[in-house]
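> Let's see this in three dimensions:
(one chain, ligands or ions: 2)
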Amino acid sequence: MIKSDVMLRKTVEKVVDEVKVTDVHTHLYAPCFGDLLLWGVDELVTYHYLIAEAFRWLDIPYEEFWELDKEAQSDLIWQKLFTENSPYSEACRGVLTVLNRLGLDIKKDGLPEYRDFFKNRTIHEYIDIVFDMAGVKEVVMTNDPFDDVEREVWLKSYEKDERFKAALRIDPLLNGGIDILHQLRSWGYDVEDQLNEKTYSGVRRFLSEWVERMDAVYMAVSLPPTFDFPEDSMRAKLIENCVLPVCREYNIPFAMMIGVKKLTNPDLKLAGDSVGKSNIDAVEYLCANFPHNKFMVTMLAKENQHELCVAARKFRNLLVFGCWWFLNNPSLIDEITRMRFELLGVSVVPQHSDARVLDQLIYKWDHSRKIIAHVLYDKYKDLMDTGWPITEEDIVRDVEKLMGANFWEFIEKEL
Ligand code: FIX
Ligand code: ZN
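Ligands and ions are numbered 1, 2, ... in the order given. Sure thing, here's the model as predicted:
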């Protein structure tokens, strides 16, 4: 049994440090997807988070930036965010954490040297290095059958890599309007230009075929702050008549990522999305009225976090996951994780990386582990002060659940 604060802190930090993580949401790809899997220093520096931050210092027209090649974009971002200003934003700090963990000499004029480090590497050896350094066992991809490049790989050259699980992402279907049905028809699905049982049946066949092709562990969509359910809309009708029946048939969760305002500034492209407070009533309605479906939910607005925790206390078919995107910063991860542990105990998935660049796994998990360990220590300390006996085995059990086992248990369970 753990008897002292010092021993408790050491044990929590060691256990959180050593646990092999299941990263439940990323934009990474298995090696067979080729250049879709981004890696290396210039991809790190041109991550859309840094592009948004760099434009706060740039006066050039947006188009002038987008016409630059990757290296020139990276040079400009490095100049603005690392040379002319201290890089203490989370996205900038993350780049430096990766380079530092790789053993590189961290300095203002280091970019050319960092490029050399990556020049002679192959992606296969580098994936092993990054997964090992980040302590990541497996990641879940974001797989979009509407993406022409990705679809080609799935149809012609996909090679399974157990470290990369698939998630069927259906934003174009649920957010794309009636035109998306033309696309399905062009692929041979028997759908009409109106929502009727024939169309629903064709959409269910499309979803079923891709769930099977991908062996998808869940189906996912990002949704605007205005998302509502029930609602007299194409999205709501497709969710009710197609998505939820297929998810139930394959016993996989429907993951809703709610609160993104797409292209608030379209000139920033991928970096142009913003955030809005969303409607928890829609989540509660779905969980209450579809008790045999499983829902993974993350919400983008800080203001939605408390009510999401309370909703999860009401519904066992709701699994809260991650500190998504604009919440993935130390101060907010700490606040939100503390709230979740106090309201939900161990029954939550505290973090996902949302990594778009392979190397980011190193910093996103390095930074989050420290915060999760710090919050966990406080919670176990409070427990210890009640006289509750705490053992290392208990801590290992809890941390295994938080960092992966809760997710897999939710994937497997039948409701
Ligand atoms: O919808 C999503 O999966 C978001 O995470 C992305 O669209 C976003 O660009 C991102 O990568 C945030 O971290
Ligand atoms: Zn994402």
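> Which helix runs longest in this protein?
helix 360-384 (DSSP state H).
> The residue of the stretch 101-250 of the chain found nearest ligand 1: what secondary structure?
Among the residues of the stretch 101-250 of the chain, residue 222 lies closest to ligand 1, at 3.6 Å counting by CB to the nearest ligand atom. For the C-beta atoms, the positions are set from N, CA and C on the backbone; glycine is no exception. Here residue 222 is recorded as strand under DSSP: H, G, I helix; E, B strand; the rest coil.
> burial of it, as a residue count?
23 (other CB atoms under 10 Å).
> Could you find the closest non-adjacent residue to residue 95?
Counting by CB to CB, 6 or more residues apart in numbering, residue 95 lies nearest to residue 44, which is 4.9 Å off, once chain neighbours are set aside.
> quick one: contacts for that neighbour?
Under the criterion of CB atoms under 8 Å, 6 or more residues apart in numbering, the contact list for residue 44 reads 94-95, 98, 357, 359-360.
> and if we set it to 10 Å?
For residue 44, the contacting residues are 38, 50, 74, 91, 94-96, 98-99, 114, 118, 356-360, 362-363, by CB atoms under 10 Å, 6 or more residues apart in numbering.
> near ligand 1 too, which of those?
Restricting the contacts of residue 44 to those touching ligand 1 (CB under 6 Å from any ligand atom) yields residue 356.
> Return the members of the contacts of residue 44 classed as buried.
Among the contacts of residue 44, those scoring as buried are 38, 50, 74, 91, 94-96, 98-99, 114, 118, 356-360, 362-363 (criterion: 16 or more other CB atoms under 10 Å).
> Quick one: list the elements packing against the strand or helix carrying residue 92.
With the criterion set as DSSP states H and E, the secondary-structure element containing residue 92 is helix 90-101. Contacts defined by 3 or more CB pairs under 10 Å, 6 or more residues apart in numbering; DSSP states H and E place helix 90-101 against helix 41-45, helix 48-54, helix 70-78, helix 111-119, helix 123-134, helix 330-344, helix 360-384.
> Just give me the neighbour total for the closest residue to residue 350 other than its chain neighbours.
In space, residue 350 comes closest to residue 337 once its chain neighbours are excluded; the distance is 5.2 Å by CB to CB, 6+ apart. One way to gauge burial is a neighbour count; for residue 337, by other CB under 10 Å, it gives 22.
> In this model residue 369 seems to touch residue 337, though I could be wrong.
No. In terms of CB atoms under 10 Å, residue 337 does not count as a neighbour of residue 369; the distance is 11.5 Å.
> Surely residue 126 is in contact with residue 361?
No. The pair residue 126 and residue 361 fails to qualify as a contact (CB under 10 Å) at a distance of 11.2 Å.
> Please say which of these two ends up with more neighbours.
Neighbours of residue 126 and residue 361, each counted by other CB under 10 Å, are more numerous for residue 361; the result is 24 against 18.
> Contact partners for the residue lying closest to that one once chain neighbours are set aside?
Distances taken as CB to CB, 6+ apart place residue 134 nearest to residue 361, at 3.8 Å, with adjacent residues excluded. Residue 134 is in contact with 20-21, 23, 98, 101, 353, 355, 358-366, 369, counting by CB under 10 Å, 6+ apart.
> and the helix or strand containing residue 409, which residues are buried?
Using DSSP H and E, the element containing residue 409 is helix 406-412. Residues of helix 406-412 classed as buried: 406-407, 410-411 (neighbour count, 16+ other CB under 10 Å).
> Out of those residues, which are close to ligand 1?
Intersecting the buried residues of helix 406-412 with the contacts of ligand 1 gives an empty set (criterion: CB under 6 Å from any ligand atom).
> okay, those residues in CSV with pLDDT next?
Below are the buried residues of helix 406-412 laid out as CSV (pLDDT from 0 to 100):
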residue, pLDDT
406, 99
407, 99
410, 99
411, 98
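> got the residues of the stretch 251-400 of the chain near ligand 1?
For the stretch 251-400 of the chain, the contact set with ligand 1 under CB under 6 Å from any ligand atom comprises 257, 270, 325, 354, 356.
> out of those residues, who has the most neighbours?
When neighbours are taken as other CB under 10 Å, the top entry among these is residue 257 (23 neighbours).
> For the host helix or strand of that residue, which strands pair with it and how are they oriented?
Here residue 257 is covered by strand 254-258, with elements defined by DSSP H and E. Sheet pairing for strand 254-258, assigned by DSSP bridges, gives strand 218-223 (parallel), strand 295-299 (parallel).
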